[in-house]
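Student: need the 3D shape of this:
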Amino acid sequence: MERKYIYCDADKCTGCRICELVCSAAKEGRFHQELSRIRVAQPTLAMVTSIACRFCENAPCIDACPKDALSMSEETHTLKLDKARCTGCGWCIEACDFGAIMLNRSTKSVVMCDLCLSLPEARCVETCPKKALSLSTSETIAQKARDRVATTSKEL
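Tutor: This is a model prediction of the structure:
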């Protein structure tokens, strides 16, 4: 099984935050953006994008956890959290290069995307009104970038 994650096409994302609301509803049973496993970010004035766990092959968050509460599922290539071990110390949050791990303040435990594996499709991908989100692999994203560069080069 290829390692897949939620990819956001920043050219399509409007920053509507529907992905955050849908995620919190699917995972926590209520619409509350702070409980979402996906986050909308605006790194520049001209760019809005969504960020979710990328399930890194050599995940620094796993190495950073002093309680061994995080592991990578060999079967699904998604992060697994042992809630009984998690103390909410935040070391994994600091170690994540993408800002994709969040602390649930009410449970004092971290949360991250699991691709809605218990559902037919990731809710955020399914409901994005602009179809900016997709389930992709690193190779798929790299190929899209190469295609974009090739298209731009031909236009010049």
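
Student: list the contacts for the residue most central in space within the chain?
Tutor: The C-alpha lying nearest the average C-alpha coordinate of the chain belongs to Ala52 (CA atoms, centre = their mean; 1.1 Å). By CB atoms under 8 Å, 6 or more residues apart in numbering, the residues touching Ala52 are 5-6, 37-39, 100, 112-113, 124. C-betas here are computed from N, CA, C, even on glycine.

Student: can I get the residues you listed in a markdown table including neighbour count, secondary structure and distance to Ser71?
Tutor: A markdown table is the format used below for those (neighbours: other CB atoms under 10 Å; DSSP: H, G, I helix; E, B strand; the rest coil; distance: CB to CB, whole Å):
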| residue | neighbour count | secondary structure | distance to Ser71 |
| --- | --- | --- | --- |
| Tyr5 | 22 | strand | 17 |
| Ile6 | 26 | strand | 20 |
| Arg37 | 27 | coil | 17 |
| Ile38 | 26 | coil | 21 |
| Arg39 | 20 | strand | 23 |
| Ala100 | 22 | coil | 16 |
| Met112 | 22 | coil | 12 |
| Cys113 | 26 | coil | 15 |
| Cys124 | 27 | helix | 24 |
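
Student: out of those residues, which comes closest to Lys83?
Tutor: Ranked by distance to Lys83 (CB to CB), those are led by Met112 at 12.4 Å.

Student: isn't the closest one right up against Met72?
Tutor: No: with contacts counted by CB atoms under 8 Å, Met112 stays clear of Met72, the gap being 11.6 Å.

Student: overlap in contacts, those two.
Tutor: Counting by CB under 8 Å, 6+ apart, the residues touching both Met112 and Met72 are Leu79.

Student: tell me the SS of Lys80?
Tutor: strand (DSSP: H, G, I helix; E, B strand; the rest coil).

Student: what sits against it?
Tutor: Lys80 touches 70-73, counting by CB under 8 Å, 6+ apart.

Student: then Lys108?
Tutor: 87-88.

Student: and with 10 Å instead?
Tutor: Taking CB atoms under 10 Å, 6 or more residues apart in numbering, we find Lys108 in contact with 83, 86-89.

Student: ok, now Ala95?
Tutor: 59-65, 70, 101.

Student: what's the most distant pair in the residues you listed?
Tutor: Asp63 and Ile101 (13.2 Å).
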